[in-house]
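Participant: predicted structure and sequence below. I'll ask about it afterward.
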Amino acid sequence: MSIALNLDSFFTGTTETVTNNFNFDTGSVTEEDTTEKITELVNQAQKFGFSHKKFLNWMSSISKEFLLTQTLEYWLLTYMSETATDSTDSWNEDYSPDAWLVECFSLKTANFIVTRVSEEYLKAQTPKYWINWAIYQFTNQASKEFISFIENASENKVHVFKNIPIIVKSISDTSDKGNELNLLLETDLNQFNNNKSTWYYHTTDLISAESIFTDGISLVAGQKKQDFGGRTSSFYLNDEFKWAIDFRLQKFISSPSAIIIYDIPETLLKGKEYEHLDLNNGNKRWKDVVHKSHNYCACEADEYGSVYGPQTTNYVRMIKNKYETPICPITFFKSMA
């Protein structure tokens, strides 16, 4: 496994990432310490975009002792789930995306969300998905060790972090630039490929990239009207680097991101002991899988260990309309637990 890192807009953005450190041993703190920590919790909620007054009033019904046992991320998510409107699973076409997010979650502004992803990809997920994603980004960060490694690594060279070969490379905002990096990968990573495996690519943020290095892949089930995957715990890979770049330009417009490169043995891709479903040439079946899984319904893909199918440029319309035909299909690989 290898990784190529994008450094565009590193450490930039309209919101400040904070350390998720509000849970601690309540037996070791004074009343003054407790007040200070709770004040900081409220201030961070305000910094994220919630109303200081509303958040403070909401917290007043919770005991101080219990407040200190959970993280900042926990309280932001809990506040959001208890105070949001009932319309967080869909978009309102009468509102702009940022205005609708403000309406749903009583935010001061939602620009820090809508300016970081493309509008089409924004509409492919629900408002609830994006507020959860924003809270996660706000309350978590990669380790200082990982960030320091990235800052000090020379570009266009293979470096090693925890036994993982990594190439650091700045990527301009065009998927055509992927060809340049692809050549670099083929040249420098050829030593890692035994010609009996195939490269697949996974685009993610730096927090998740480090987590994969440290703890391995975490398979999670999809949710209704959110990530494609439905009831199945899944992990997604592109078989072409340019499409991994394209996804970065959709979801990580102004955020640092990483593309993890997996060397997958042919025995896993084509082995008879694993159940594989190839839907690249079956548009009708693929549309059925997309529609049902996005609505959290059982579908044909649930019974297989891996699924191959076309990702398209009109995926938002495919999600909304089960009769929509894929446009400009590309090969897509989905590995499921």
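Facilitator: Here it is on my side, so go on.

Participant: need the contact partners of stretch 110-122.
Facilitator: When contacts are defined by CB atoms under 8 Å, 6 or more residues apart in numbering, stretch 110-122 is touched by residues 13-15, 49, 97-99, 101-102, 130-131, 133-134, 249-255, 316. Bear in mind the C-beta positions are built from the backbone N, C-alpha and C, glycine included.

Participant: how long is it from one end to the other?
Facilitator: Stretch 110-122 has its terminal residues 12 Å apart, counting by CA to CA, to the nearest Å.

Participant: do the same with stretch 266-274
Facilitator: End-to-end distance for stretch 266-274, by CA to CA: 12 Å.

Participant: what comes up buried for it?
Facilitator: L269 (16 or more other CB atoms under 10 Å).

Participant: show the average pLDDT along that stretch.
Facilitator: On average, the pLDDT along stretch 266-274 is 72.

Participant: which secondary structure state is assigned to I217?
Facilitator: Assigned by DSSP: H, G, I helix; E, B strand; the rest coil, the conformation of I217 is coil.

Participant: next SSE after the one helix or strand E36 maps to?
Facilitator: E36 belongs to helix 31-48 when assigned by DSSP states H and E. Sequence order places helix 52-59 as the next helix or strand after helix 31-48, per DSSP H and E.

Participant: buried residues in that next one?
Facilitator: So for helix 52-59, counting by 16+ other CB under 10 Å, buried means 55-56, 58-59.

Participant: just flag the most distant two among those residues.
Facilitator: L56 and W58 (7.3 Å; CB to CB).

Participant: just the strands in the stretch 51-200 of the chain please.
Facilitator: Listed in chain order, the strands of the stretch 51-200 of the chain (DSSP state E, counting those that start in this stretch) span 158-161, 164-168, 197-205.

Participant: can you redo the ones you listed as TSV with mean pLDDT?
Facilitator: Below are those laid out as TSV (pLDDT from 0 to 100):
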stretch	mean pLDDT
strand 158-161	84
strand 164-168	78
strand 197-205	83
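
Participant: so who does the most centrally placed residue in the chain touch?
Facilitator: With distances taken as CA atoms, centre = their mean, the residue of the chain nearest its centroid is T204 (5.7 Å). Listed by CB under 8 Å, 6+ apart, the contact partners of T204 are 212, 257-260.
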